[in-house]
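Participant: Predicted model follows, preceded by the sequence.
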Amino acid sequence: MARDSRLHLKWIEIDLSAIRSNLRWTLSSLRRGVRLVAVVKADAYGHGLAVCRELAKAGAPSFGVLTVAEASSLRRAGMRVPIQLLAPLLPGNAGEAVSLSVTPTIDHIDQARALNASAPARGVGVHLDIDFGLGRWGVSPKSVFDFARRLSRLKRLRLEGLSTHIDYVPGKNSVEAEEKLRSFHSIAQRLKQENPALVCHAANSSVLMDFPQWQMDQVRVGNLLYGINKASAKSASLRNPWRFLARIIAVQEFARGRSIGYASEYVAPRKMRVATVAVGYADGLTMEPAERLISFGRGFQYWGMIGDKKAPFIGGCGIAHILLDVTNVPQARAGTVVALPIRRTAASSHLPRLYV
């Protein structure tokens, strides 16, 4: 865990107090009795293991990951909170999932049989996922009850949960999303007649925000914990814990008409000051960032921020450098810090994370 930005040309700064604040806000948004699964897949959305520790310390009741490997990393780091696998596991990973004391998600009878064979006498609880159109995994809605009956014949397994992740995009398909949530709830209620303790969950961050009435028994929240609100219907009192920062290593002046970059790809339209930053696509730069720091309209362009001033990218992004137009940023010089857009999960794991 790096701590001093003066030692680096490029780094990611993560505000742990913002993570704690976002967790408190999320918990306060839940109805009484609704459980929270803090989603920490993909290395806590690129924020790192320290954020997982902070979430656990701040009261996150359980974690959600995609793979057994991710769960194993958390256990090796000393995490003792309940962990749920949000994606169906491979049958070959059943034994490890049982040994790690995680709650598996399943969508195929072969997974169930493998878990049953590895389970101790006390049994293992599983969640069954339903596909309502996303198409990535899950049983079809019409086959849920037959699958549950087959599952009941495996004596060391218990159906503890029922889940789905609908194909909802805020502002685009809300009517369809409401219909799917209602259909899922109907299936869940039928299964609850035989299993009243069944934990039913369909709400991720966007569903929680735009359809709070469908919190059901549990919500799975990732984006909101990291200060990202994609919802269309409601604002949230969230703080952004993430900044990708780098230092300018050189500033040069170019006359109008001067070609710049590989293959003379850019021609200066006027007298310009151009800054070089030692960050490129090897770091994950110019992969579409989750933050709205770029424009997708006419004349699409990325830019960095120096204080409150924009410094547009010029030319192509190199493997380890980018050029910025700092003509209108007179304070820019070697050593000046630039905030850059980057998709958090695309940010290289080699970039130092500084936790503040």
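Facilitator: Thanks, I have the structure now. Values in this document were obtained by computation on a predicted structure and should not be read as measured data.

Participant: so what's residue 181 up against?
Facilitator: Counting by Cβ atoms under 8 Å, 6 or more residues apart in numbering, residue 181 makes contact with 166, 202, 207, 211, 214. Where C-beta positions appear, they are placed from N, C-alpha and C, glycine not excepted.

Participant: Any figure for the gap between residue 64 and residue 81?
Facilitator: 11 Å (Cβ to Cβ, to the nearest Å).

Participant: With neighbour numbers in mind, choose between these two.
Facilitator: residue 64 (26 against 14; other Cβ atoms under 10 Å).

Participant: Over to the more buried one: give its phi and psi.
Facilitator: Dihedral pair for residue 64: phi -120, psi 130, per degrees, to the nearest 10.

Participant: where do the helices sit along the stretch 201-350 of the chain?
Facilitator: For the stretch 201-350 of the chain, the helices defined by DSSP state H, counting those that start in this stretch occupy 205-210.

Participant: Was I right to think residue 170 contacts residue 228?
Facilitator: No. Using Cβ atoms under 8 Å, residue 170 makes no contact with residue 228, being 11.6 Å away.

Participant: got the CA positions of stretch 146-163 in CSV?
Facilitator: Taking C-alpha atoms only, stretch 146-163 is exported to CSV below (Å, rounded to 0.1, in the frame of the first residue of the first chain):
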residue,chain,number,x,y,z
ASP,A,146,-38.8,-28.4,-11.7
PHE,A,147,-35.2,-27.5,-10.9
ALA,A,148,-36.2,-26.9,-7.2
ARG,A,149,-37.8,-30.3,-7.1
ARG,A,150,-34.7,-32.0,-8.5
LEU,A,151,-32.6,-30.0,-6.0
SER,A,152,-34.7,-31.3,-3.1
ARG,A,153,-33.5,-34.8,-3.8
LEU,A,154,-30.0,-33.9,-3.0
LYS,A,155,-30.0,-34.4,0.8
ARG,A,156,-26.9,-32.3,1.6
LEU,A,157,-28.1,-29.2,-0.2
ARG,A,158,-30.6,-26.5,0.9
LEU,A,159,-32.2,-24.0,-1.3
GLU,A,160,-31.6,-20.8,0.7
GLY,A,161,-31.9,-18.2,-2.0
LEU,A,162,-33.4,-17.2,-5.3
SER,A,163,-31.8,-14.5,-7.4
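
Participant: Any idea which residue is closest to the centre of the protein?
Facilitator: residue 45 (4.0 Å; Cα atoms, centre = their mean).

Participant: and that residue, what is it in contact with?
Facilitator: Contacts of residue 45 by Cβ under 8 Å, 6+ apart are 39, 222-223, 226, 344-345.

Participant: In JSON lines: those, plus neighbour count, pLDDT and distance to residue 139.
Facilitator: Listed next are the contacts of residue 45 as JSON lines, based on neighbours: other Cβ atoms under 10 Å; pLDDT from 0 to 100; distance: Cβ to Cβ, whole Å:
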{"residue": "39", "neighbour count": "25", "pLDDT": "98", "distance to residue 139": "22"}
{"residue": "222", "neighbour count": "19", "pLDDT": "97", "distance to residue 139": "23"}
{"residue": "223", "neighbour count": "21", "pLDDT": "96", "distance to residue 139": "26"}
{"residue": "226", "neighbour count": "26", "pLDDT": "97", "distance to residue 139": "30"}
{"residue": "344", "neighbour count": "22", "pLDDT": "92", "distance to residue 139": "31"}
{"residue": "345", "neighbour count": "15", "pLDDT": "92", "distance to residue 139": "28"}
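
Participant: what residue ranges in this structure are flagged as low confidence?
Facilitator: 1-5, 233, 287-300 (pLDDT under 70).

Participant: for it, longest helix please?
Facilitator: As assigned by DSSP state H, the longest helix anywhere in the chain is helix 174-192.

Participant: Report the buried residues of that helix.
Facilitator: Neighbour counts over helix 174-192 (16 or more other Cβ atoms under 10 Å) mark 177-178, 180-181, 184-185, 187-188, 191 as buried.
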